[in-house]
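Everything below, folded, please.
(chains A and B)
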Amino acid sequence: MKRLSLWAILAAVTSVGLAAPAFAGTTFDAVKARGSLNCGVHTGLAGFGAPDDKGEWAGLDVDVCRAVASAMFGDAKKVKYVPLTTQQRFTALQSGEIDMLSRNTTVTSQRDTELGMNFGPFNFYDGQGFLISKKLAKVKSAKDLKGATICVLPGTTTELNLTDYFRANKMNFKPVVIEKQDELAAAFFAGRCDAITSDSSQLASIRSAQAPKPEDYILLPELISKEPFAPAVRHGDDQWFDLVKWSVYAMMEAEEKGVTSANIDSLKGGSDPTIKRLLGETPGLGKALGVNEDWAYQIVKQVGNYGESFDRNVGANSKLKLPRGLNALWNQGGLMYAPPVR
Amino acid sequence: MSDQSSHNPKTASEIASHVEEPSQAELHTHRRNAFAGLGWARDNLFSNIPNTILTVLSVALLVWAAPPLLDWMLLKATFLNEDPAACREAGGACWSFVTVKHRFILFGLYPYDEHWRPLLAMALFIAALAISCDSRFWNMRIVYVWGLVLPVCGILMWGGWLGLTFVPNDKWGGLPLTLILATLGIVLAFPLAVLLALGRRSDMPAIRAICVGYIETVRGVPLVSVLFMASIMFPLFLPEGLTIDKLLRAQLGIMLFTAAYLAEAVRGGLQALPKGQYEAADALGLGYWQKTRLIILPQALRLVIPPIVNQFISCFKDTSLVIIIGLYDLLTTAKTALADPSWRAFYVESYVFAAFIYFLFCYFMSRYSQYLERRLNAGLRR
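Residues are numbered from 1 along each chain as shown, chains lettered A, B, ... in the order given. I've put the predicted structure just below:
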């Protein structure tokens, strides 16, 4: 009797909650049929993926979701954001709960192979850096930090990277190890250490949030570890993978060609063949990807080019004020390099 | 020392409780004149040496802690200025963080222009809860109230009807989500818990084994791992492409977990009931369900009100664990609001605000249980 009722409750409740199958055949067709994109994002990381005061999602990673939705549907709003924790993110992709993952995920060989993921183009190069006070006028590079006191979180790869770097450069340093990020930053700004080390995007946000005067602190140019972030999709649907890949590339290509959300309409009917292809005036690319010919136009019009997205979310026009650094275009000293969109 | 204690034969704990909170009546009578006040102080605060030391220490603690706390919380605090720089200058608590972010903290990702809907739904829901607490409604009327309120809340929250735009439940968040998770968790867990408790004391070995197995398994694992299983492992077992709503998974997890704990509290009540009650019911010729419904449960449940309410309170607070599976309950929204770099430094204010809301609800629950105990046990005391 009791067993019956238990199962009856379970069965009743679950049968109500069973959603329609997340994808019928391939991801591409399923997304198209559903009319919206399920995109896995961070639960709240400023600049990359976080809801604002009004609950609207914004961030560099969120813009990748919006770009793919623009290419697919011509509407950047047709995204269902699925906020995921670090532990959940890969399962959500594997189980089909999301169609793509855009959640500051570092690309590693193990994730690419064993976890059955395909990574799109890198949309942010992060790495461990150093933040110092401008008072240390002599220090222009991390190599000048010989004998410095350095604030670091304990037991993280950050601490190991730090030790490795100083050992490789035959320098010594004094670590100040504090368990919590906020207290660590407070210790640094109180002058307990000469430098603080963490991922550079993290350091930038610490600087803008907790420094008494943010302009008194600078990030040193060196990055001592590699943390390349990229959006990911499941193995098994190459057409879908292509669309995600070229949506990101289109943003970079647009920046390289100087096409922005503001000037894209005035560039219509021009003669530059690359721009004509981006705007969909030379047909063929859209058909090959399985979407409308104006896919790249919609991306740039609604989301902006890569540079615009960067400035708005993490760069000069944001609160984080990250320098472009490695994330500048290849012809401006960075690593952002899109293959020709043709 | 010894004759002092014979003078005043109170136990240490009684003295301590007097030091901390003299009852209103005592305060009142003794305030009439200063001499009586002094007498009261001597009796209650300085009656013996340990007591005096405690009093002095408490006063010292107050003097040491209260002014800076008051300074931080009120005097130097910033309330309305929406510029984080102003907060840093003032140096006190930055309640303007709450002013700026309260809508996100309370309603999460729910579309901004539609916030009146969860607000109204929450007001209705709380009103219905308040009505359910009143014993005059403990009849068919309560069924009507909930039969009306629940669909209305559902329509308000989901919409897609009567001109309201549709809001899928993955956009629900903040206080409404916490209330839904907690209330449904408790309400659905309760009947299941009663069945499990009865099953555990059943004469039928199979049923007993199932109930014992279930209770012990669930009690043997932390809620965090139940939620992890529900949100991370469970989808992998389903056929590919089939997904069950995240909120529903968490809700089921919380319900099944709470049921196991509640079942043990209920079993305590069943065992505490004198055997004569069972035998008397049998002698009247009542069947098992009649006996249970009419004789056993009404008495047994009354005995275990404190542990049951205890479980309710803990369930209410446990819902905050859904933070690990990315549901935007009250605590998650308070934490997410801090992702904004300009306000990151004011994490204390954010958590104090969330704690205050949790406290309001938990405090009400515990007061209500005290009232309920007094009321239901009135017949026994006579």
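
what is residue A:40 paired to in the beta sheet?
Beta-bridge pairing for residue A:40 (DSSP bridges): residue A:82, residue A:101.

who's in contact with residue A:284?
Counting by C-beta atoms under 8 Å, 6 or more residues apart in numbering or on different chains, residue A:284 touches residue A:293. For every residue, glycine as well, the C-beta is placed using N, CA and C.

Could you check how far it is from residue A:237?
Noted for residue A:284: a distance of 22 Å to residue A:237, by C-beta to C-beta, to the nearest Å.

Tell me the confidence at residue A:15?
The model reports residue A:15 with a pLDDT of 39.

Not counting its neighbours along the chain, what's nearest residue B:307?
Distances taken as C-beta to C-beta, 6 or more residues apart in numbering or on different chains place residue B:265 nearest to residue B:307, at 4.0 Å, with adjacent residues excluded.

and if you look at residue A:201?
Nearest to residue A:201 is residue A:126, by C-beta to C-beta, 6+ apart, at 5.3 Å.

Tally up the residues packed near that neighbour, please.
Neighbours of residue A:126 under the rule other C-beta atoms under 10 Å in any protein chain shown: 23.

who does it bridge with?
Beta-bridge partners of residue A:126, as defined by DSSP bridges: residue A:227.

if I look at it, how far off is chain B?
16 Å (C-beta to the nearest C-beta, to the nearest Å).

repeat for residue A:242
21 Å.

pLDDT wise, what is the closest residue to residue A:36 other than its chain neighbours at?
Spatial nearest neighbour of residue A:36, excluding adjacent residues (C-beta to C-beta, 6+ apart): residue A:78 at 4.5 Å. On pLDDT, residue A:78 comes in at 93.

do residue B:342 as well
At residue B:342, pLDDT is 77.

Got the phi and psi for the most centrally placed residue in chain B?
Centroid-nearest residue in chain B: residue B:313, 2.9 Å away (criterion: C-alpha atoms, centre = their mean). In terms of degrees, to the nearest 10, the main-chain angles of residue B:313 are phi -60, psi -40.

so who does it touch?
Residue B:313 neighbours (C-beta under 8 Å, 6+ apart): B:362, B:365, B:366.

got it, and residue A:48?
If you count contacts by C-beta under 8 Å, 6+ apart, residue A:48 has them with A:42, A:59, A:60, A:61, A:62, A:103, A:104, A:124, A:201, A:313, A:314.

and which of these is nearest to residue B:185?
residue A:42 (27.1 Å; C-beta to C-beta).

and the closest one, what is it in contact with?
A:48, A:49, A:50, A:59, A:61, A:83, A:84, A:103, A:104.

What backbone torsions are found at the first one?
It stands for residue A:48. Here residue A:48 shows phi and psi, under degrees, to the nearest 10, equal to phi -110, psi -40.

Next, the buried residues of whichever strand or helix holds residue A:201.
Residue A:201 belongs to helix A:200-210 when assigned by DSSP states H and E. Residues A:200, A:201, A:202, A:203, A:204, A:205, A:206, A:207, A:208, A:209, A:210 are the ones in helix A:200-210 that count as buried (16 or more other C-beta atoms under 10 Å in any protein chain shown).

Reformat those as CSV; add pLDDT.
Compiled in CSV, the buried residues of helix A:200-210 are given as follows (pLDDT from 0 to 100):
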residue, pLDDT
A:200, 85
A:201, 82
A:202, 81
A:203, 86
A:204, 82
A:205, 77
A:206, 81
A:207, 84
A:208, 78
A:209, 73
A:210, 76
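
So, low pLDDT: which residues of the stretch 1-150 of chain B?
B:1-35 (pLDDT under 70).

mind listing the helices for it?
B:2-7, B:12-20, B:24-30, B:34-44, B:49-70, B:84-90, B:96-107, B:116-133, B:140-158 (DSSP state H, counting those that start in this stretch).

Over to the stretch 151-300 of chain A?
Going by DSSP H, counting those that start in this stretch, the stretch 151-300 of chain A shows helices at A:157-168, A:181-189, A:200-210, A:238-256, A:273-278, A:285-289, A:295-302.

contacting residues for the residue nearest to residue A:201?
By C-beta under 8 Å, 6+ apart, the contact list for residue A:126 reads A:104, A:106, A:199, A:200, A:201, A:223, A:227, A:228, A:229.
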